[in-house]
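**Student:** below are the sequence and a predicted model for it; my questions follow.
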Amino acid sequence: MRTDPARLAAYDTLRAVAEREAYANLVLPKLLTERRLDTRDAALATELAYGALRGRGTYDAILAACVDRPLGQLDPEVLDVLRLGAHQLLATRIPSHAAVDSSVELAREVSHEGAARMVNAVLRKVARQDLREWVERVAPDPDRDPEGYLAIYRSHPAWVVSALWDSLATHRGKDAAYAEIDRLLEADNERPGVTLAARPGLAEQADLVKQGAEPGRYAATAAYLPEGDPARLDAVARGRAGVQDEGSQLVALALMAAPLTDRPTGSDGAGSSGSGSHGDDDSLADDRLWLDLCAGPGGKAALLAAIGAQRGVKLVAAEIAPHRARLVKRALQPIHGVHKVVTADGTQPPWRPEIFDRVLLDAPCTGLGALRRRPESRWRREPADVSRLAELQKKLLASALDSARPGGLVAYVTCSPHLAETRLVVSDVLARRDDVEQLDARPYLPGVPELGDGPDVQLWPHLHDTDAMYLALLRRR
């Protein structure tokens, strides 16, 4: 009996994630295409790979109770087989005998006969109780250690649970955080749908709807694809639209909607508009040059470039990694406006200071706001990463502010709700400068509910069905 292709593809995805620090959402689609899996097998492989990655914390705690040695002493290949088997037994409708037998065959193919016998014995123990019974057995008492309990129950590292809870409490209040933390962690474990972004001037939301998508909730550019490959849509295949989370679209659109103040007379060779107005119509007339400071892989840059083309604005998209800069160039290729991609370190930019009207800084971060899409990130990140990234974020934000002209705007964005990567970065940088003011970002996300007290905005998967994007809008005085 040979291992079926769906389970083998799921297993190979887990090994690529572990061995090469690959991302499942990049590895698995390629495997499915190369191996020509039919729709049914592709769906099964996707469920098993993502399910095992999301549930790893829970499944490892359960497996540890069923194995006579520390999990770290098991062959990594065998441990991944056990995780896939545990997911089938505890979180799918696959019959127990089929889940066990297929896992035994997979272990026999990727390891050896002894490993197959061990997998058989361990998974038969796992099958004796359902998921809820196992959690009650292996997790801490929720009254004494609520974070530890949620870490096992919702399969997040305990430090991530603590960080998300703190951020909820800061943005939503302590009572709301206590009521919502389980919903947030549950939302992290749900499989997200595919969200598309229509690029203005090339495609509209209505065009995507005509091709089978559903209108987005908040952004006029957003549409949801209920099923299927987004590349089957003509607009996506031709680069007139792209795959982009609605939260990612919202923060970029907010930067576009917020008003500039007048360009000082003589700055960069330009005169004041003379109106003295802060309204959108007057401010947009003074737009000339925009910057996307950390542009890879290009989704936000494409949206900015498309809007900029309609306004007669030039976009500079900077990216430090050459391979990501190439992705940005590819994303911008269908857009007819004036734009330039440069491979550059945003902390040491090659351009003169104070020349950009609008600057988008989507800073490198832990990615804790996108765990729905990249479930392996929760196991890959460590608390030390937060402090390391926060120092880089502060340098980049300082550079972004230096790059903005007086009266210009900077959007500081992260796909992480961690306070050390969001509010604390902004407050630290602002404390060192007297030439920057923070705007209330909420009015520039019209129709989006539950935005808190401001002036910054934190989106949430369980409230907005977006990634947990953070936005602070800053203006040079």
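**Tutor:** That came in fine, so what should we check first? Residues are numbered from 1 along each chain as shown.
**Student:** any low-confidence regions in the stretch 251-400 of the chain?
**Tutor:** 264-286 (pLDDT under 70).
**Student:** where do the strands sit along the chain?
**Tutor:** 194-198, 214-215, 222-225, 241-243, 289-292, 314-319, 339-343, 356-362, 404-414, 436-439, 457-458, 470-476 (DSSP state E).
**Student:** keeping just the C-alphas, turn the first one into PDB.
**Tutor:** Spelled out, it's strand 194-198. Taking Å, rounded to 0.1, in the frame of the first residue of the first chain, the C-alpha atoms of strand 194-198 are listed here in PDB:
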ATOM      1  CA  VAL A 194      -8.700  34.900  -0.500                       C
ATOM      2  CA  THR A 195      -9.000  38.700  -0.700                       C
ATOM      3  CA  LEU A 196      -8.400  40.600  -3.900                       C
ATOM      4  CA  ALA A 197      -7.400  44.300  -4.400                       C
ATOM      5  CA  ALA A 198      -8.600  46.100  -7.500                       C
END
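**Student:** ok, and what's touching it?
**Tutor:** 204-205, 207-208, 213, 216, 219, 221-225, 230, 233, 235-236, 240-246, 248-249, 299, 302-303 (Cβ atoms under 8 Å, 6 or more residues apart in numbering). Just so you know, the C-beta spots here come from the backbone N, C-alpha and C atoms, and that holds for glycine as well.
**Student:** go on, the fourth one?
**Tutor:** Here strand 241-243 makes contact (Cβ under 8 Å, 6+ apart) with 194-199, 202-203, 207-208, 223, 230, 233, 235-236, 299, 302, 331.
**Student:** and residue 191, how far from residue 53?
**Tutor:** According to Cβ to Cβ, to the nearest Å, residue 191 stands 11 Å off from residue 53.
**Student:** and these two? which has more neighbours close in?
**Tutor:** A count of neighbours by other Cβ atoms under 10 Å puts residue 53 above the other of residue 191 and residue 53, at 24 against 12.
**Student:** didn't that one look like it was pressed against residue 18?
**Tutor:** No - under the criterion of Cβ atoms under 8 Å, residue 53 makes no contact with residue 18, lying 10.0 Å away.
**Student:** run a quick neighbour tally on residue 243.
**Tutor:** When neighbours are counted by other Cβ under 10 Å, residue 243 comes out with 13.
**Student:** which segments of this structure make up each domain?
**Tutor:** 5-132, 140-188, 195-225, 244-476 (automatic domain parsing).
**Student:** now do the longest one: distance from first to last residue.
**Tutor:** Here the two ends of domain 244-476 are set 29 Å apart, with distance taken as Cα to Cα, to the nearest Å.
**Student:** next up, phi/psi of the residue nearest to residue 185 when sequence neighbours are not counted, please.
**Tutor:** The shortest distance from residue 185 to any non-neighbouring residue, by Cβ to Cβ, 6 or more residues apart in numbering, is to residue 154 (3.7 Å). Phi and psi for residue 154, reported as degrees, to the nearest 10, are phi -110, psi 10.
**Student:** leaving out the residues flanking it, which one is nearest to residue 148?
**Tutor:** residue 140 (4.0 Å).
**Student:** compute the number of surrounding residues for residue 101.
**Tutor:** Residues lying near residue 101 (other Cβ under 10 Å) number 15.
**Student:** no, scratch that, I was asking about residue 427
**Tutor:** 13.
**Student:** mind checking how far it is from residue 134?
**Tutor:** 43 Å.
**Student:** again, but for residue 473
**Tutor:** According to Cβ to Cβ, residue 473 stands 46 Å off from residue 134.
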